[in-house]
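> My questions are about this predicted structure, shown below with the sequence.
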Amino acid sequence: MTKCYLSYHNITSSLGFDTITVFNHLKNKKSGIQLVEDSTRFYKPFYGAVIPTETLDSAFKTLKTLTEFTHLEKMLILSLSKTIKASGIEINNRVGLIISTTKGNIDVLEDQNHFPKERAYLGQLGQIIKDYFNFKNDALVISNACVSGILSVAIAKRYLKEGIYDHIFIVAGDLISDFVLSGFNSFHAMSDAHCRPYDQDRTGINLGEAAVSVLVTSDKNHLSDDAVEILGEGSCNDANHISGPSRTGEGLFRSITTALKEAHITPNEIDYLSSHGTATLFNDEMEAIAIDRLGLNHTPLNSLKGYFGHTLGASGLLETIIGMQSLHQNTLIASAGFKTLGVSKPLHIITETTPKKLQTFLKTASGFGGCNTAVLFRKVS
Amino acid sequence: MDKTYHISSYCQIKNSRISLDGKLLFSSSIQEFQPFIKSAAQHLNTKYPKFYKMDNLSKLAFLAADILLKNAELDSNTEHNIAIVLSNKASSLDTDRTYQASISDTENFFPSPSVFVYTLPNICIGEISIKHQLHSENCFFIFDSFNADHLWINAQSLLKQQKAEKVLCGWVDFDDKNYEAFLYLVEENGIIAHNPNEIKRLFKTWQT
């Protein structure tokens, strides 16, 4: 049976442009979230985690390209270029490309944006990334709300198991734009301070932007020293509401159950749970109910939204890469912003960054449209 | 030996016409999408008040799925594990443009949460899942044009890995005034073989 692994990776985020730098910031409790007052990009100030244009541009210059790219394209290219380079894999017709995003270049719809409006088509974004790196296969673009990033791992596994590709590079990214900022504001979902997942005083989300990339491979000769095996995955719909999570956590419960079944492991074998934890009242409560139904109350868990904000289509993959580092460094990262439990079920939320022997972790995410995804990973070495 | 899978039925909506398994189910002289889809829903006895609150893409996907799933005569007393794999070119751009227009003028700044929620392509999958109580696997892909190979790979994998008993697959695109839906159901039973050539053939038949 084909085994699938997550291998070389990169995080391009508000906390730095490579995974090790970013993880060190997490260990030092540094958050990328701050009051953002950039009237050149945003219609109003907000608490969020952005990649400043100047920082991005100066990093992007090192790629020495003459073509003009959008903010998001630069983020994606920068991240993927580092992952491809680290992997040493030659791009041939056995190598696939998956792009995961909710809104892509949505900012080109703004009147003042000088890029053509057609750039908003996600297929164009796929073509641009494909062409830049000379991929032989067309990009497979996944746009499935806030589970996109982690769902792309499950989809990559399908293609490897079906023998379509030998290796797949996933790059996931989303921007903060006035589009999403005003949208989440209209839902009254935005916190006007640092977000506090699972805390009794939580007041909503912070948005974040990031581009992250990873190599998914079935070839053991191409594994990074922190590689993990994909043990099982599940993506189940709540079938309940398009913008509100299920009150019983049904879809998430079923997603985790499916992943456990495929992995042939029991809930008590999970050493660490990297949850979604957006810090909205309803999401966090829904997750607590699903986690309780599965008997995972004693499994150490964190939400990383307090460090990166909610990076939408990137978040699931971003948090998976942090999970890989947690396993590799045997370190549980504190759930930023959490003090007092504010959900109806007991949860073991990590309050201090602590060393602990870790083998297996579960990543979950949930999103609009009632979607949920759960993927189980185990350390290789 | 591997099980073989079949396309048990398919539904098409385009140019003010709706067909099921190649046979015309409803046609109208109304060119414009919204009055057309409304009259189609009434004619087909959809009886689902939420339908009228959906955006164009969701209406299109929902109606095609509803026709297929009703036709499948599923036992309402048992749960059905029907995965949903949809794709299109324009993502949710039709509603994205409407939403962007609501925030582009600072003097007339009226972002609406009920519009914003539809600015994701997979919302239509949520609508189908709610109506038919499908707690199943789902994914929305974006392709430059209809891509039978990728749909086939995903459906095959879901069925072979026993992640689903059936897969509702297809293409549902809404862009400016242009719309088209081509949805099909893959399962063990059926006459049409489930392979990329047959998927392409069915898709092309209704193009002419």
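Yes, it's here.
> Who are the contact partners of residue 195?
Assuming you mean chain A. For residue A:195, the contacting residues are A:33, A:47, A:202-206, A:278-279, A:305-306, A:309-310, A:337, by CB atoms under 8 Å, 6 or more residues apart in numbering or on different chains. For glycine as for every other residue, the C-beta is placed from the backbone atoms N, C-alpha and C.
> looking at chain B here, not the other one
Counting by CB under 8 Å, 6+ apart, residue B:195 touches residue B:152.
> which non-adjacent residue is nearest the residue nearest in space to the middle of chain B?
The residue lying closest to the centre of chain B (CA atoms, centre = their mean) is residue B:61, at 3.1 Å. Leaving out its chain neighbours, the residue that sits closest to residue B:61 by CB to CB, 6 or more residues apart in numbering or on different chains is residue B:124, at 3.8 Å.
> Give me the secondary structure label for the one you found.
Classification of residue B:124 using DSSP: H, G, I helix; E, B strand; the rest coil returns helix.
> Please verify my assumption that it contacts residue B:57.
Yes: under the criterion of CB atoms under 8 Å, residue B:124 makes contact with residue B:57 at 5.5 Å.
> what touches both of those two?
By the contact definition CB under 8 Å, 6+ apart, residue B:124 and residue B:57 are jointly contacted by residue B:172.
> Which stretches in chain B count as helices?
Listed in chain order, the helices found in chain B under DSSP state H are B:33-43, B:56-71, B:93-103, B:113-116, B:123-132, B:148-160, B:196-205.
> now the angle from the last one to helix B:148-160?
Using axes from the mean of the first three to the mean of the last three CA atoms, to 10 degrees, one finds that helix B:196-205 and helix B:148-160 are set 120 degrees apart in direction.
> Helix B:196-205 - contacts with which helices or strands?
strand B:6-14, helix B:148-160, strand B:178-187 (3 or more CB pairs under 8 Å, 6 or more residues apart in numbering or on different chains; DSSP states H and E).
> Residue A:345: which of the ones you listed is closest?
Residue A:345 lies closest, by CB to CB, to one member of the helices and strands packed on helix B:196-205: helix B:148-160, at 31.5 Å.
> Kindly check the end-to-end length of stretch A:242-258 for me.
Separation of the first and last residues of stretch A:242-258 by CA to CA, to the nearest Å is 22 Å.
> Show me which positions of it end up buried.
Within stretch A:242-258, the residues that count as buried by 16 or more other CB atoms under 10 Å in any protein chain shown are A:242-243, A:245-246, A:249-258.
> How about stretch B:68-80?
For stretch B:68-80, the neighbour count (16+ other CB under 10 Å) marks B:68, B:69, B:72, B:80 as buried.
> Repeat that for stretch A:265-274.
So for stretch A:265-274, counting by 16+ other CB under 10 Å, buried means A:265, A:267, A:269, A:270, A:271, A:272, A:273, A:274.
> nearest to chain B, of the residues you listed?
residue A:265 (16.9 Å; CB to the nearest CB).
> now that closest one: how far from residue A:149?
23 Å (CB to CB, to the nearest Å).
> just checking, the residue nearest to the centre of chain B touches residue B:126?
No: using CB under 8 Å, residue B:61 is not in contact with residue B:126; the gap is 10.2 Å.
> What are the boundaries of the strands in the stretch 101-250 of chain A?
In the stretch 101-250 of chain A, strands defined by DSSP state E, counting those that start in this stretch lie at A:140-142, A:167-174, A:207-208, A:210-217, A:228-234, listed in chain order.
> show me where pLDDT drops low in chain B?
Low-confidence segments of chain B, defined by pLDDT under 70: B:1, B:206-208.
> which parts of the stretch 151-300 of chain A sit against chain B?
With the criterion set to CB under 8 Å from any CB of the partner chain, the stretch 151-300 of chain A comes near chain B through A:151, A:155, A:158-159, A:161-162, A:164, A:178-179, A:182-183, A:185-187, A:234-243, A:250-251, A:254, A:258, A:262.
> quick one: which of those sit in helices?
Among those, DSSP H puts A:151, A:155, A:158-159, A:161, A:178-179, A:182-183, A:185-186, A:250-251, A:254, A:258, A:262 in helices.
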